[in-house]
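S.K.: The following block contains a protein sequence and its predicted model.
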Amino acid sequence: MRKGGRQRMATLTTDVLVIGAGVSGVPAAIGAARAGARVVLVEEDARPGGAPVDNYITMPCGLPRLGVYREMLDRLNRDHRLPVEQAGPIPPLWDRWFMPGSCQVVIETMLKAEPTITLLCRTALHDVITEKGHGGPRVAGAVVNRPAGQQLRVNA
């Protein structure tokens with residue numbers, strides 16, 4: 001216990017911290033894990049997935065479509081693609097449509113395959129931790145808000 005009866009903030013140390021488990025954060029976390037890093041992936045919602053899962057966006061978007069992100073899209077196309085009625089030419093980036101639950105299944109399956117990723121859902125960024133670095137400050141981690149008002153310091 002600290003002075004005044006306040007509990008010490010719990011601390012977690014990892015190699016890589018990714019804030020946001022959407023269609024950008026998930027591939028970043030998986031790529032880091034596959035390169036050998038211990039990863040903490042923070043998501044403010046109850047489940048990973050971001051806009052395709054939370055907001056019923058029927059198509060993940062973003063460029064470039066490479067690496068883990070491409071793998072995610074390939075899995076969606078292979079196992080979960082919805083037929084689309086074409087009323088004319090559709091640009092190549094807009095020809096794939098998926099149910100939000102399909103995106104969630106693919107994302108959760110890919111995350112579970114990486115044992116060095118710790119996923120913290122219902123966890124929101126509170127503050128960024130910086131320290132002096134060569135040429136100026138550098139990000140050294142974050143303080144995040146966990147359920148029931150708990151805070152966690154993540155050093156990365």
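M.R.: That came through, no problem. Numbering: from 1, shown residues only.

S.K.: which residue sits closest to residue 131, ignoring its sequence neighbours?
M.R.: residue 140 (4.4 Å; CB to CB, 6 or more residues apart in numbering). Where you see a C-beta, it was placed from the backbone N, CA and C, and this is true even at glycine.

S.K.: Which strands or helices does the host helix or strand of the one you found pack on?
M.R.: Per DSSP states H and E, residue 140 falls inside strand 136-145. Judged by 3 or more CB pairs under 8 Å, 6 or more residues apart in numbering; DSSP states H and E, strand 136-145 is in contact with strand 16-19, strand 124-133, strand 151-155.

S.K.: By mean pLDDT, point me to the weakest helix or strand of the chain.
M.R.: helix 51-54 (a mean of 84; mean pLDDT, DSSP states H and E).

S.K.: Quick check: what element follows that one along the chain?
M.R.: Using DSSP H and E, the next helix or strand after helix 51-54 towards the C-terminus is helix 67-80.

S.K.: Just the buried positions in that following helix, please.
M.R.: Within helix 67-80, the residues that count as buried by 16 or more other CB atoms under 10 Å are 68-69, 72-73, 75-76, 80.
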